[in-house]
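K.L.:
with the input below, show me the fold.
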Amino acid sequence: MHELGVVFHVIDNVKEVMQENNIDRLESVTLSLGKVSSVIPSYLSDCWKWAVNKDEMMKGCELIIEPIEAITFCEDCENTYDTIKYGKICPHCKSEHTYLLQGNEFIIKEITVPS
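P.N.:
Model (predicted):
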């Protein structure tokens with residue numbers, strides 16, 4: 001399970017932003033997470049809950065995960081399709097000359113401070 005390492009990396013990055021901006025508490029962190037990013041959202045959430053409660057600056061901070069659909073582009077017929085449903089082979093023309101347009105992202109999208 002690499003999700004714990006991912007959580008520690010996110011927390012380190014968020015704490016750096018907090019220090020640069022003189023922020024002492026956070027309400028939430030929003031991540032944009034591609035559906036084929038190799039990170040399992042439920043594991044990530046569980047690791048987050050454990051990790052933030054071990055750190056005084058992050059205590060109680062909510063994790064919000066916004067999924068990004070996996071979309072593949074076919075170079076032969078120039079159509080896009082659902083990667084998870086069809087994989088590497090284009091459902092329109094059966095070509096294997098395809099590549100992932102989106103869906104493997106892992107982005108810290110937003111940090112929210114209490115009002």
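
K.L.:
now do the buried residues in stretch 98-110.
P.N.:
Neighbour-count burial for stretch 98-110, with 16 or more other C-beta atoms under 10 Å as criterion, is recorded at 98, 102, 103, 104, 106. Where you see a C-beta, it was placed from the backbone N, CA and C, and this is true even at glycine.

K.L.:
out of those residues, flag the one nearest to residue 83.
P.N.:
Taking C-beta to C-beta as the measure, residue 103 is the one of the buried residues of stretch 98-110 closest to residue 83, at 5.7 Å.

K.L.:
and for the nearest residue to that closest one once chain neighbours are set aside, the neighbour number?
P.N.:
Leaving aside its sequence neighbours, residue 103 sits nearest to residue 70 (C-beta to C-beta, 6 or more residues apart in numbering; 2.8 Å). By other C-beta atoms under 10 Å, 20 other residues sit near residue 70.

K.L.:
now residue 34
P.N.:
20.

K.L.:
which ones are touching it?
P.N.:
67, 68, 70, 102, 103, 104, 105, 106 (C-beta atoms under 8 Å, 6 or more residues apart in numbering).

K.L.:
after the longest helix seen in the chain comes which helix or strand?
P.N.:
Longest helix in the chain, counting residues (DSSP state H): helix 3-20. Scanning forward in sequence from helix 3-20 by DSSP states H and E, the next helix or strand is strand 28-34.

K.L.:
ok, that next one: who's next to it in the sheet?
P.N.:
Its sheet considered, strand 28-34 pairs with strand 62-68 (parallel), strand 106-112 (antiparallel) by DSSP bridges.

K.L.:
any chance of TSV for those, columns mean pLDDT?
P.N.:
Converted to TSV, these look like this (pLDDT from 0 to 100):
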stretch	mean pLDDT
strand 62-68	98
strand 106-112	96
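
K.L.:
so where's this protein shaky on pLDDT?
P.N.:
Within the chain, the stretches falling below the threshold (pLDDT under 70) are 1.
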